[in-house]
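Peer 1: need a 3D model of the following:
(one chain, ligands or ions: 1)
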Amino acid sequence: MVSVKKGTQKTLLRQHCKVQTPTPIYKRRNNGQSFILHRAENFAIDNRWVVPYNPWLLLKYDCHINVEICSSIKSIKYLYKYIHKGPDSVAFQIQPFSDHNEVVQYVNGRWICPHEAFWKIFKFSMYKTYPSVIRLQIHLPNKHQVHFRTTDSVDNVLANERNSRTMLTEYFHIYAMEQERHKYLYTDFPKHYTWNLTSKRWAIRRRRQKVIGRMYSVHPSEGERFYLRILLSHIRAPKSFEHLMTVNNITYSTFKESAEHYGLLERDNSLQNCMREAREFQLPQALRNLFTTILLFCTPTEVRQLWNDNYSAMSEDYASSTLISDVYVMNKLLHDIDYTLQQHSKSIAQFDIPQISSNFGNVSNISSLIEDELSVPISDTALASVSLLNPAQCYAFHSIMEAIRQRNGGIFFIDGPGGSGKTFLYNAILARLRHDGHIVLATASSGIAATLLPGGTTAHLRFKIPIHVEAGSFCKFGKLSEMHKLIQHCSAILWDEAPMSHKHVFEAVDRSFQDVLNSAQPFGGKVVIMGGDFRQVPPVVVNGTKFQIINASIIGSPLWSTVQLLSLTENMRAVGDQQFSKFLLRLGNGEEYIYDDDMIQIPTSMIIPWEGEHSVNVLINSVFSDIKSAATNCEYWEERALLTPLNDDVSLLNEKCLKLLSGDEITYYSFDSVDDDGCNLYPQEFLNSISACTLPPHKLSLKKGTPVMLLRNLNPRIGLCNGSRLLCRHFSRNIIEAEILTGQHKGKSVFLPRIPLKNAGDFNMPFELTRKQFPIRLSFAITINKSQGQTIRQVGLYLPSPVFTHGQLYVALSRGVSAKNTKVLVRDGFIPGHPGTYTKNVVFKELLSKVTVQVHSLFLISNFFSKCL
Ligand SMILES: Nc1ncnc2c1ncn2[C@@H]1O[C@H](COP(=O)(O)OP(=O)(O)OP(=O)(O)O)[C@@H](O)[C@H]1O
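Peer 2: Reported below is the predicted structural model:
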């Protein structure tokens with residue numbers, strides 16, 4: 001077996017191949033992840049691609065070759081063909097050689113290469129720069145280089161019209177003369193035009209050869225030239241330098257001003273402007289929340305100024321009566337701001353704003369956290385829902401109440417398939433306990449599930465769980481903290497979507513509770529009500545095997561042995577379509593009939609037949625029928641969504657849907673930067689091109705009435721969680737006003753500012769990107785994982801590729817309420833010889849078999865009730 005790994009073998013191979021210049025190669029894998037292969041010596045001959053490094057060299061060396069793995073390469077000749085076929089199908093895959101030992105052998109500590117020809121081909125293709133790169137000049141007006149002989153007179157040089165022409169001025173010229181109807185960016189221009197050096201003119205490209213246009217790099221310290229470069233990277237078809245400096249018919253005197261007015265550059269006073277724009281909406285509560293968000297996420301420098309400018313607008317609604325003193329109003333405002341800051345382990349004492357007077361509020365000496373828990377509103381509907389519980393819900397409800405009454409602690413797990421009424425039951429439990437004066441901490445593993453619970457927040461935020469939790473981790477609160485007092489006083493903890501969290505998360509909370517409560521009982525003797533569905537998506541283990549994923553689940557923890565399982569079986573969501581609900585249960589349990597390779601048949605009533613790319617439009621139209629008239633109708637958007645497994649497909653669907661929406665499009669560009677990049681190693685267009693699922697796009701295009709999804713936990717207490725769906729209402733330059741679409745805070749207006757977001761290590765880059773952008777993405781379509789926990793009446797499931805992990809298909813299909821309102825489009829969903837449409841269903845039966853299903857017969861339950869009553 002030939003393999004090139006670290007160490008001497010690799011070094012020898014390098015010597016053998018005489019590798020000199022590194023040439024990076026860009027590789028995009030089928031699953032949408034992309035990474036970069038760099039240097040020939042990093043090339044593995046063991047059916048593996050070596051982990052890349054120095055990816056920024058990709059830009060420096062102007063190489064942008066898509067490498068596609070081709071397992072059908074059978075010979076060197078064949079490989080040669082592939083290399084020369086074209087940039088989109090260049091293949092470098094050595095393992096499939098049946099006779100690879102003929103190619104290169106490692107004998108007696110030395111690489112032997114019987115076919116020298118192979119290495120010639122190999123080296124040639126690794127070092128050539130294809131597609132070719134056209135370097136584009138960039139200069140300020142009349143500041144370009146001119147070549148002349150020493151014998152030439154300066155007057156003649158200046159008088160020569162040819163010397164005034166450059167690639168840039170001629171690019172302007174083409175558009176000024178209206179010779180081109182397509183609006184190309186400067187960097188796209190060489191794809192369609194060739195530069196004739198003699199005549200110094202652009203001419204239409206005749207040969208369909210692939211080229212890349214790239215502007216020379218400009219350091220930010222060069223000022224105007226740098227801003228000109230930013231403008232040229234974004235503005236299409238400019239006619240002149242003046243044209244680039246003109247925004248909305250106003251011509252500015254500098255490129256910097258112009259870039260600022262195009263929204264391509266951040267202004268120094270953007271936060272002040274953001275608050276000023278928000279003030280115009282006259283929504284004091286939303287303004288307070290915006291101010292807090294700015295304190296938490298935007299690291300403002302002039303906080304006192306911000307406070308002074310906005311104080312009256314933020315406290316407008318408090319001063320409803322003349323009897324209320326100014327001091328009281330200020331203290332109340334500070335208290336409200338402090339409350340939100342505390343959720344993020346911050347306080348007003350850390351900011352340059354006035355502090356709360358010592359004699360304000362809290363006369364009862366109750367910790368503010370406890371006070372806040374006691375003030376969570378109890379809805380009459382939730383209280384009334386206790387009488388609506390079905391028998392299994394009722395049994396669970398009373399078992400939990402009994403445990404709380406006995407004060408002996410205990411861990412319960414409410415297990416039920418999607419739609420079996422777990423959230424309904426949690427709300428009933430929360431309402432009853434809070435009504436009886438108990439404190440119950442409502443938490444969830446995901447932000448979106450937390451917004452469905454009154455007073456809910458994410459478990460990470462509530463218990464201050466470290467972001468990178470490990471075996472042996474503790475939560476970040478101690479015995480003298482306010483959190484300790486809150487835990488002492490709480491009667492129970494509710495934790496929804498527990499199967500989504502890693503077992504170490506529960507163990508950290510358990511350890512911390514035992515520590516602060518001085519008790520060896522699980523969770524320090526508190527009643528913990530966990531809930532969720534093991535048929536749904538398990539904890540994410542990056543590149544994890546099936547065993548690792550199962551082991552990461554709560555059932556892999558010693559805590560699981562103490563759990564009392566309470567099962568809900570009846571699907572209350574699809575109560576009107578029993579056949580659908582039975583199908584879902586079989587699907588989730590992995591009991592649906594399996595054809596080859598985990599394929600199951602999707603009921604025909606749900607299928608949209610695949611008839612080519614236009615079928616995607618059919619799917620979109622079936623979910624978003626009459627989309628044009630529905631623009632600002634919240635109910636419409638709350639009830640509908642397209643689901644698909646991968647982020648790339650989500651983006652494609654969202655782009656298509658945005659086009660269908662009527663109204664003007666507004667585009668917000670992000671401001672991207674890398675800390676300590678003094679040498680300008682990372683050009684702006686490279687940073688702008690980075691796309692990661694946890695970051696908003698560089699170019700965020702929106703229309704009024706566009707549904708969007710929040711990407712950060714801005715303020716879970718007001719429903720602003722990672723995953724919350726919102727409807728865009730108004731756009732200003734520095735804020736977006738939106739309405740919350742789902743959960744307990746549905747219908748509330750909120751302001752979203754631009755915040756700096758860091759890439760959360762989700763792409764393989766040796767630097768940390770900071771992207772300042774509105775923390776949202778379009779949400780006509782969302783990933784299946786993001787949809788977990790939401791009821792979506794009209795679901796459109798798009799499967800261009802099959803699902804890839806446990807429970808995904810089940811989560812997607814169980815969002816809907818009936819087969820009639822669930823539409824599925826599968827690409828390649830055919831099995832020869834079997835009519836119908838098929839797709840993959842991944843179920844880890846080993847995981848489900850560890851969850852002991854308790855079936856409580858109605859007989860037993862009725863017996864239980866007769867005892868209770
Ligand atoms: N006892 C009940 N009476 C009436 N409606 C109910 C009852 N239980 C649940 N429902 C309704 O059924 C639907 C699904 O319930 P719920 O959202 O609580 O399910 P779930 O188990 O939390 O689902 P998922 O796991 O997908 O989040 C909701 O619309 C809910 O109002």
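
Peer 1: which parts of the stretch 551-700 of the chain sit against the ligand?
Peer 2: Neighbours of the ligand within the stretch 551-700 of the chain, by CB under 6 Å from any ligand atom: Met572, Arg573. For the C-beta atoms, the positions are set from N, CA and C on the backbone; glycine is no exception.

Peer 1: mind listing the helices for the stretch 551-700 of the chain?
Peer 2: In the stretch 551-700 of the chain, the helices defined using DSSP state H, counting those that start in this stretch lie at 578-589, 614-623, 634-638, 647-660, 684-689.

Peer 1: mind putting those in TSV, mean pLDDT and mean neighbour count included?
Peer 2: Below are the helices of the stretch 551-700 of the chain laid out as TSV (pLDDT from 0 to 100; neighbours: other CB atoms under 10 Å):
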stretch	mean pLDDT	mean neighbour count
helix 578-589	88	19
helix 614-623	94	17
helix 634-638	88	19
helix 647-660	93	18
helix 684-689	86	18
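
Peer 1: got those as TSV, with distance to Ile831 columns?
Peer 2: Listed next are those as TSV, based on distance: least, CB to CB, whole Å:
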stretch	distance to Ile831
helix 578-589	17
helix 614-623	19
helix 634-638	36
helix 647-660	23
helix 684-689	39
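
Peer 1: so which of those helices gets nearest Gly223?
Peer 2: helix 684-689 (14.6 Å; CB to CB).

Peer 1: if you count contacts, what does the closest one end up packed against?
Peer 2: helix 224-234, strand 671-674 (3 or more CB pairs under 8 Å, 6 or more residues apart in numbering; DSSP states H and E).

Peer 1: dump the C-alpha coordinates for the first one into CSV.
Peer 2: Spelled out, that is helix 224-234. What follows is helix 224-234, C-alpha atoms only, in CSV (Å, rounded to 0.1, in the frame of the first residue of the first chain):
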residue,chain,number,x,y,z
GLU,A,224,-8.5,56.7,-1.5
ARG,A,225,-7.0,54.0,-3.7
PHE,A,226,-8.3,51.4,-1.2
TYR,A,227,-11.8,52.9,-1.1
LEU,A,228,-11.8,53.0,-4.9
ARG,A,229,-11.0,49.3,-4.9
ILE,A,230,-13.9,48.6,-2.6
LEU,A,231,-16.2,50.6,-4.9
LEU,A,232,-14.9,48.7,-7.9
SER,A,233,-15.5,45.3,-6.2
HIS,A,234,-19.2,46.1,-5.7
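
Peer 1: look up how far Gln548 lies from the residue nearest to Lys786 when sequence neighbours are not counted.
Peer 2: For Lys786, ignoring the flanking residues on the chain, the nearest one in space by CB to CB, 6 or more residues apart in numbering is Gly723 at 5.6 Å. Relative to Gln548, Gly723 is positioned 25 Å away (CB to CB, to the nearest Å).

Peer 1: which of these two has more neighbours?
Peer 2: A direct count of neighbours by other CB atoms under 10 Å for Gly723 and Gln548 places Gly723 higher, at 26 against 13.

Peer 1: neighbours of the residue in the chain that the ligand sits nearest to, just the number please.
Peer 2: Proximity to the ligand, evaluated over the chain using CB to the nearest ligand atom, is greatest for Gly421 at 2.8 Å. Using other CB under 10 Å, Gly421 has 24 neighbouring residues.
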